[in-house]
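*Asks:* Give me a 3D structure for the following:
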Amino acid sequence: MTTEPRSKRSSARLTKVVLPGIAAALALGCVSALTMKEPPVSQAALAASSVGGVVVDETGRPVEGATVRTSVDTVRSDAHGKFTAAIRGAELVKASAPGHKSRTQAVGKDGAVSIELTSQASKTLSLRFGGDVMMGRRFYESQKGQLPQLKKGSTAAEHAQILSAAEPLLSDADLTTVNLETPLLENPYYDPKKPRPSRFAPEKDLAFGSAPETAEALRMSGVDAVSLGNNHLYDAMDPGLKSTKRALDAAGIVYFGAGATPAEAWKPAVVTRNGQKVAMIGCTTVDGHNWKVQYVATPRQGGAAYCTEPDLRTYVAAARRLAPNVVVMIHGAVEYLRPQQPEVRSLFKVASDAGAQAVIASHPHVVGGMTQTGKAFVAETTGNLAFDQQLWATFPTYLMRVDLRGGVPVYSSIDPLSMQNFRPVPSVGALAQASARIAAGTVPGPARLGDSGAFVPPGTRAPSAGTDVSLAKGDIQAVSPGWWFSGVSQPVGGVRAGSDLLFGTGTFEDQDVDASTNGGDLWTLGKYAQVTARARCTSGDGESDQGIELVRSPVSTKDVFATPAHRQDVDPGQEVTLSADIRNASAGSILELRWYYRTEGKSFHTTSAKIPVTDASASSCRRVVINAVVPKEAHAVQPFLRLKPPDDEQEGRRFSADNVRLIQWAPSGAGGRQYDVVRGSVDAKARFIQDGPSLKDEGPLVDNPASR
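*Replies:* Residues are numbered from 1 along each chain as shown. Next comes the predicted model:
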């Protein structure tokens, strides 16, 4: 189909017997007597703070006179592209300048940010891509005491609330496309404990749907086009395919990647934006061949386009004859695995060689790396944008933007998000850096780390020179934004790289633009656990605002706890470390790892550290470390902070901690952008590299003032 442009919206106890293969070590500094008297926690609203930065074009040249708008301020950049603007907490800001493509970007309070505005706006086509979208199943169910987000009869506006936090980002491009991984039909919900209704595919392991109002909600949220080339579009079979097309047509959403026949499924959608034509095709490698009702179109049924190299080559070439810009959306590979499989990567090359400018992949439900293959920008997997999954690995995600000029990507970047209650929320801080490191470090190529995201620059931009930093044996340090450990150390192997499986959430800072939250993102807190400034442990960057505090009164009878919202995936034999900075620890304070056979079910073992009485109220915090090897049968782990009730009615208890990290260590000698933590195996020096000039006066390591 061909459409013309339409206006877009503006925007436990200590374990006595340790299982074989588990080694636990407790490292503590000196301790002193516990003091329970502390001032009450202030609940005052956030005061307006500021953000400083620079506006540049895609080549790094300053943009003078750019307008930067926040929720409370409007300023212009100076001759050097610099600006300072008032903001109220973390929020989305918008920058624009004559002759440049505007951009919306998340910024943190009292931070520094670089905003890139692509030049030659009239000749440049900006494309946005988001991950998998569905608004069914658990959206209709209560979650942890909260009411369902949707119900039968929910309006399009109520559906649009799911995407409301990300709407300004979805709207800041000429063309925004997502993977619609659901049929749209009336009565989309059914009780999974009861027999499946006949309107859904009878044999398939998982089949679900979303209401027709989803289509209008996508339009209201800034989405222009959807790919239907996936393994869930045909969950309601031919009637569901027809009702999906009707709903999308009514909403004015362009679609491609599925149809009543293979030829229709491969038919490109052609649109015109900013005076340029774009042809889009989509397909899936997940065909459901083992079921009576397959997922792909055949001469006997409708469904998604089935990806094969010959077909992909043929249809990309045909699309290129219709438009100078071609987008290919490929759905396939292994769920929850960030690096794509060789057979899917071969499809990326086929699409690029045939003339595609952007190749966007999905299906794993986790985000992966981005790179460039020939002249095409490639996103290995886009993760989720609106989905009801509860697996921890799916929570960091992103939106990507690709700016094309003359049929070539001139600047590509990601905007980090986090999935909260199945909704995408723009993220900042360490949580945003987790997404950025996945994007820039999962696959080799030209992708670079920025202060707040990741990007692919035009041409080949070399990183700056390396900096050598000393680490003591056993010293664990977080790597600063924009920096990465090269894998080089003296002595060789003296420094080990690792990844924080908690994605930086254990800092307990407010790391999203949602004004209704104030830290502790993606954590579950017991009734008497709270995020508070009283518990903070300021690290070398001086930016810690708050930590986590657990409290028990003299009459308490049960433990209080804090833990990440879901378990983390691990493999047997992996080396992991749980570390936490402790400010206060009464008797009964415990740090522990609970091991599980899978992501569901009860734990089968606990590795614990009982923390001696500690009071660091007037001094620096003390670090506690548990080193462990994942047990033979464990495939999931979850850290807990616990505080036991007092032994008598005269004593209150408190446990305050910050900077909780669950670190999965890489093999010795490994390095790269994906790693955000390092540890000295012996006293050593390590080389760190910065991908670009930072706006912050900081060195490679967050926790090490000596590195500045």
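
*Asks:* From what I see, residue 219 and residue 251 are in contact.
*Replies:* Yes. Counting by C-beta atoms under 8 Å, residue 219 touches residue 251, with 4.6 Å between them. Where you see a C-beta, it was placed from the backbone N, CA and C, and this is true even at glycine.

*Asks:* For residue 699, report the pLDDT, please.
*Replies:* We have a pLDDT of 87 for residue 699.

*Asks:* could you dump stretch 199-207 to CSV, C-alpha only?
*Replies:* What follows is stretch 199-207, C-alpha atoms only, in CSV (Å, rounded to 0.1, in the frame of the first residue of the first chain):
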residue,chain,number,x,y,z
ARG,A,199,-11.1,-18.3,18.3
PHE,A,200,-7.4,-19.0,19.2
ALA,A,201,-5.0,-21.5,17.6
PRO,A,202,-5.8,-24.8,19.4
GLU,A,203,-2.3,-26.4,19.6
LYS,A,204,0.1,-23.5,20.1
ASP,A,205,1.9,-23.3,23.4
LEU,A,206,1.1,-19.6,23.9
ALA,A,207,-1.7,-17.8,22.1
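
*Asks:* shaky segments in this structure?
*Replies:* The model of the chain has pLDDT under 70 over residues 1-48, 460-465, 539-543, 618, 693-697, 703-708.

*Asks:* now with 50?
*Replies:* Within the chain, the ranges that satisfy pLDDT under 50 run 1-7, 9-47, 540-542, 704-708.

*Asks:* Show me where the chain has its helices.
*Replies:* All helices of the chain, identified by DSSP state H, fall at 156-160, 167-170, 213-220, 237-251, 262-266, 309-322, 342-353, 429-441.

*Asks:* Roughly how far does residue 568 sit from residue 395?
*Replies:* Counting by C-beta to C-beta, to the nearest Å, the gap from residue 568 to residue 395 is 11 Å.

*Asks:* same question, residue 556
*Replies:* Counting by C-beta to C-beta, the separation of residue 556 from residue 395 is 31 Å.

*Asks:* just residue 385 next, same as before
*Replies:* For residue 385, the distance to residue 395 - C-beta to C-beta - is 13 Å.

*Asks:* Can you give me the neighbour number for the closest residue to residue 382 other than its chain neighbours?
*Replies:* Leaving aside its sequence neighbours, residue 382 sits nearest to residue 131 (C-beta to C-beta, 6 or more residues apart in numbering; 3.8 Å). Using other C-beta atoms under 10 Å, residue 131 has 30 other residues around it.

*Asks:* you'd agree residue 131 is up against residue 380?
*Replies:* No. Using C-beta under 8 Å, residue 131 makes no contact with residue 380, being 11.8 Å away.

*Asks:* Provide a list of residues in contact with the residue nearest the centre of the chain.
*Replies:* Geometric centre of the chain, nearest residue: residue 396, 2.0 Å, by C-alpha atoms, centre = their mean. Residue 396 makes contacts with 367, 383, 416-419, 427, 431, 434-435, 438, 503, as judged by C-beta atoms under 8 Å, 6 or more residues apart in numbering.

*Asks:* try 10 Å
*Replies:* 366-367, 383, 416-419, 427, 431-439, 503-505, 522 (C-beta atoms under 10 Å, 6 or more residues apart in numbering).

*Asks:* partners of it in the sheet?
*Replies:* Judged by DSSP bridges, the bridge partners of residue 396 are residue 418.

*Asks:* before we move on, the earlier item: what's the overlap in contacts for residue 568 and residue 395?
*Replies:* What both residue 568 and residue 395 touch, as defined by C-beta under 10 Å, 6+ apart, is the set residue 503.

*Asks:* Those two: which has the busier surroundings?
*Replies:* The neighbour count for residue 568 versus residue 395, taken as other C-beta under 10 Å, is higher for residue 395 (26 against 21).

*Asks:* Can you tell me the closest non-neighbouring residue to the more buried one?
*Replies:* residue 419 (4.8 Å).

*Asks:* Could you count how many residues lie near that neighbour?
*Replies:* Using other C-beta under 10 Å, residue 419 has 25 other residues around it.

*Asks:* wait, it sits on residue 503?
*Replies:* No. The pair residue 419 / residue 503 is not scored as a contact, 11.1 Å apart, by C-beta atoms under 10 Å.

*Asks:* what is in contact with these two at once?
*Replies:* Both residue 419 and residue 503 are in contact with 395-396, 427, 522, where contact means C-beta under 10 Å, 6+ apart.

*Asks:* Now distance to residue 201 too, for these, in TSV please.
*Replies:* Formatted as TSV, the shared contacts of residue 419 and residue 503 follow (distance: C-beta to C-beta, whole Å):
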residue	distance to residue 201
395	28
396	31
427	35
522	33
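
*Asks:* Closest one of those to residue 215?
*Replies:* Of all these, residue 215 sits closest to residue 395, with 26.1 Å by C-beta to C-beta.

*Asks:* For the closest one, give its distance to residue 387.
*Replies:* Going from residue 395 to residue 387 by C-beta to C-beta gives 11 Å.

*Asks:* okay, and the common contacts of those two?
*Replies:* Common contacts of residue 395 and residue 387 (C-beta under 10 Å, 6+ apart): residue 419.

*Asks:* Residue 223: what's it in contact with?
*Replies:* By C-beta under 10 Å, 6+ apart, the neighbours of residue 223 are 8, 128, 130, 133, 163, 167, 170-171, 175-178, 180, 215, 217, 251, 253-254, 385.

*Asks:* got it, and residue 602?
*Replies:* Counting by C-beta under 10 Å, 6+ apart, residue 602 has contacts 594, 596.

*Asks:* Residue 512 bridge partners, please.
*Replies:* residue 427.

*Asks:* Okay, buried residues for stretch 398-418 please.
*Replies:* By 16 or more other C-beta atoms under 10 Å, the buried positions in stretch 398-418 come out as 398-405, 409-418.

*Asks:* what is in contact with residue 385 and residue 395 at once?
*Replies:* Taking C-beta under 10 Å, 6+ apart as the contact rule, residue 385 and residue 395 both touch 417, 419.

*Asks:* Pull out the buried residues from stretch 659-678.
*Replies:* 659-666, 671-678.

*Asks:* Hmm, I typed the wrong one, I wanted stretch 639-656.
*Replies:* 639-646, 651, 653-656.

*Asks:* Kindly report the same for stretch 241-256.
*Replies:* Residues of stretch 241-256 classed as buried by neighbour count (16+ other C-beta under 10 Å): 241, 243-245, 247-248, 251, 253-256.

*Asks:* cool, and stretch 95-113?
*Replies:* 95-97, 100-109, 111-113.
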